[in-house]
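Student: Here is the input, now give the coordinates:
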Amino acid sequence: MYIPAHFAAGPDAVRHLLARPAAANLVTMTEQGLQATLLPFVYEPSVGEHGALHAHAARNNPQFSSPPDGEALAILQGPDAYISPSWYPSKAEHGRVVPTWNYSTAHVYGRLVIHDDAGWLARHVRSLTDLHEESQDKPWSVDDAPERFITGQLRAIVGVELLITRIEAKEKLSQNRSAADAAGVVTGLREAGQEASAAAVERVRG
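Tutor: Have a look, this model is predicted:
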């Protein structure tokens, strides 16, 4: 990934991308060529040397029927949004402005392990469910469903574990603009209903 120094994501930003409830595109090289699947994941920082991403996929998904050739890559995406040059006060000053796109992303590389163990899958599904349900008024639990039903559902999936070896992360959030232009971006994003992107710009400005 091309990462100019002023757009490099710091450790806190990387941890935020990894730990928040989200899904990632998992890309692997297989016998059929490159394949990708969007998977909700849980970040497990205590696994391996650099942590791991835990997910699951349909048992019939051919991407996971055999070990990948070489590294696997998970592509994580934070808030992203179109940035209009009309939001910059500098447009009125000199006009030398163009549209751009703000975004946060991380490329997470590692060794892929496929799990076909009911215990591993049960623990993972509970962890993933708890991560997404914790913000609900009435959180749903795996225990709310009949045990035989859950057992049948677990038979239909395989566990996917990406043991992280390296991470490349970038936050392009108007850091190269003046304070006035960045404030204009925040206002423009909020007026466009892009609260998450506006908050991200405010966060990197300190």
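Student: Now do the strands in the protein.
Tutor: 22-30, 33-44, 52-58, 72-83, 100-115, 157-172 (DSSP state E).
Student: Correct me if wrong: S84 contacts G188.
Tutor: Yes: taking contact to mean Cβ atoms under 8 Å, the distance of 6.1 Å between S84 and G188 places them in contact. Using the backbone N, CA and C atoms, a C-beta is placed for each residue, glycine as well.
Student: can you put the strands of the chain in JSON lines and add mean neighbour count and mean pLDDT?
Tutor: Rendered in JSON lines, the data for these read as follows (neighbours: other Cβ atoms under 10 Å; pLDDT from 0 to 100):
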{"stretch": "strand 22-30", "mean neighbour count": "18", "mean pLDDT": "96"}
{"stretch": "strand 33-44", "mean neighbour count": "17", "mean pLDDT": "97"}
{"stretch": "strand 52-58", "mean neighbour count": "21", "mean pLDDT": "98"}
{"stretch": "strand 72-83", "mean neighbour count": "20", "mean pLDDT": "97"}
{"stretch": "strand 100-115", "mean neighbour count": "18", "mean pLDDT": "97"}
{"stretch": "strand 157-172", "mean neighbour count": "20", "mean pLDDT": "97"}
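Student: The ones you listed: which one's closest to G10?
Tutor: Ranking those by proximity to G10 (Cβ to Cβ) places strand 157-172 first, at 8.3 Å.
Student: show me the contacts for the closest residue to S86 other than its chain neighbours.
Tutor: Spatially, and ignoring its direct neighbours in sequence, S86 is nearest to G188 (7.6 Å; Cβ to Cβ, 6 or more residues apart in numbering). The neighbourhood of G188, defined by Cβ atoms under 8 Å, 6 or more residues apart in numbering, consists of I83, S84, S86, W87.
Student: For R203, see how far away the last one is.
Tutor: This means W87. Counting by Cβ to Cβ, to the nearest Å, the gap between W87 and R203 amounts to 18 Å.
Student: Surely P45 touches H54?
Tutor: No: the pair P45 and H54 does not pass the contact test of Cβ under 8 Å, sitting 11.3 Å apart.
Student: neighbour-wise, which of the contacts of G188 leads?
Tutor: Of the contacts of G188, I83 is surrounded by the most neighbours, 25 neighbours in total, counting by other Cβ atoms under 10 Å.
Student: who are the neighbours in contact with the residue nearest in space to the middle of the chain?
Tutor: The residue at the geometric middle of the chain, judged as the C-alpha nearest the mean C-alpha position with Cα atoms, centre = their mean, is L76 (3.0 Å). Shown in contact with L76 (Cβ under 8 Å, 6+ apart): L17, L18, A22, A24, T105, A106, H107, V108.
Student: Go again with 10 Å.
Tutor: For L76, the set of contacting residues under the criterion of Cβ atoms under 10 Å, 6 or more residues apart in numbering consists of 14, 17-18, 20, 22-25, 41, 43, 53, 104-108, 167, 169.
Student: distance between stretch 94-109 and the chain's centre?
Tutor: Taking the mean C-alpha point of stretch 94-109 and that of its whole chain, the gap between them comes to 17 Å (Cα atoms, centre = their mean, to the nearest Å).
Student: Stretch 127-137 now?
Tutor: Counting by Cα atoms, centre = their mean, stretch 127-137 is centred 17 Å from the centre of its parent chain.
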